[in-house]
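>>> I'd like to go over a predicted model; first the sequence, then the structure.
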Amino acid sequence: MRVDARGLTFEVRTGGPADGVPVLLLHGFPQHAGEWDDVVPALHAAGLRTYALDQRGYSPGARPAAVEAYRIPELVADAAGVLDALGVASAHVVGHDWGSIVAWGLAAAHPERVRTLTAVSVPHPAAMGHALATDPRQKARSSYIALFRKPGKAEKVLLALNAAALRKLLGGVGDAARVARYADPMREPGALTAALNWYRAMSGGDMKAVGPVGVPTTFVWSEKDVAIGRPAAEACAAHVSGEYRFVALPGVTHWIPDEAPAPLAEAILAWVGG
């Protein structure tokens, strides 16, 4: 379905019982709402209503040109605006990768809208900042961001040779068909630039502005994540004042919703069932 919010039109995949408790699902880079396809059946079976949002830059009708339009406060406001448009007062919120940062921001700024938070792969921005400042390995893990912030060059590198580098980046999601379902939309005119604008608009000030989170929170991290190391993952707890759970998945890469949908659904449902 299409949802109009904040002057933009967002694509939203819905499912589950119409009267079910709502769950808002926020994808990461360079994917789309389809990354939740293997997670939602378990949520629907538990009676939950899911709303998987193609976020700003990923929905063709929500693709402003200006880099500053992709700042974290704008992304968080989109999530709240879509909930408003759906008539949803509060939801269980689940975010992966960049969607995790949006989810952290929503829970910190608008706790009344977030019943529980399940953040996947990316820890609280303050924990990430601490790890970057104190852990040389995390700094090395995050070095790819420098390329992503370079307009034109990043697009050229990622899309060259039939998007070979982008496909390699997505290698952990599964077979070639699953890689293509994410890589191919990024080859559409303007799509990759919009997605990369999330990185280009990112600032230390916006990251630091995300405050502590008081809602019941689970952080799900995977031990084979090449982008996020254990120090960053374990630092996350210091920025949650509410009830907190840390789930570490062995043998799983960064692409948790694709690679380990069942354990992820279990982590989400642990709050809902509780």
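Received, thanks. Numbers count the residues shown, from 1 in each chain.
>>> residues in contact with residue 225?
Under the criterion of C-beta atoms under 8 Å, 6 or more residues apart in numbering, the contact list for residue 225 reads 121, 252, 253, 254. The C-beta positions use only the backbone N, C-alpha and C, and glycine is treated the same way.
>>> Tell me if the third one really is in a helix.
No. When the secondary structure is assigned by DSSP: H, G, I helix; E, B strand; the rest coil, residue 253 falls in coil instead of a helix.
>>> about what we covered before: reformat the contacts of residue 225 as TSV; add neighbour count.
TSV is the format used below for the contacts of residue 225 (neighbours: other C-beta atoms under 10 Å):
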residue	neighbour count
121	25
252	21
253	19
254	23
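>>> quick one: low-confidence parts of this structure?
Within the chain, the ranges that satisfy pLDDT under 70 run 273-274.
>>> can you map out the helices along it?
Ranges of helices in the chain, per DSSP state H, are 40-45, 72-86, 98-109, 125-134, 136-141, 144-148, 153-169, 176-186, 191-201, 204-208, 230-235, 256-259, 261-273.
>>> next one: the last one to chain centre, how far?
What that stands for is helix 261-273. 17 Å (C-alpha atoms, centre = their mean, to the nearest Å).
>>> Contact partners for the residue nearest to residue 203 when sequence neighbours are not counted?
Spatial nearest neighbour of residue 203, chain neighbours left out: residue 71 (7.3 Å); criterion: C-beta to C-beta, 6 or more residues apart in numbering. Residue 71 sits next to 201, 202, 203, 206 when contact means C-beta under 8 Å, 6+ apart.
>>> if I look at residue 71, how far off is residue 201?
5 Å (C-beta to C-beta, to the nearest Å).
>>> count of residues packed around residue 204?
10 (other C-beta atoms under 10 Å).
>>> For the contacts of residue 225, could you give me JSON lines that also reports distance to residue 263?
Converted to JSON lines, the contacts of residue 225 look like this (distance: C-beta to C-beta, whole Å):
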{"residue": "121", "distance to residue 263": "13"}
{"residue": "252", "distance to residue 263": "8"}
{"residue": "253", "distance to residue 263": "13"}
{"residue": "254", "distance to residue 263": "14"}
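>>> Closest one of those to residue 86?
residue 121 (25.3 Å; C-beta to C-beta).
>>> Hmm, that closest one is touching residue 254, no?
Yes. If you go by C-beta atoms under 8 Å, residue 121 and residue 254 touch, sitting 5.7 Å apart.
>>> anything in contact with each of these two?
With C-beta under 8 Å, 6+ apart as the test, residue 121 and residue 254 both reach 97, 222, 225, 227, 228.
>>> Cool, thanks, talk later.
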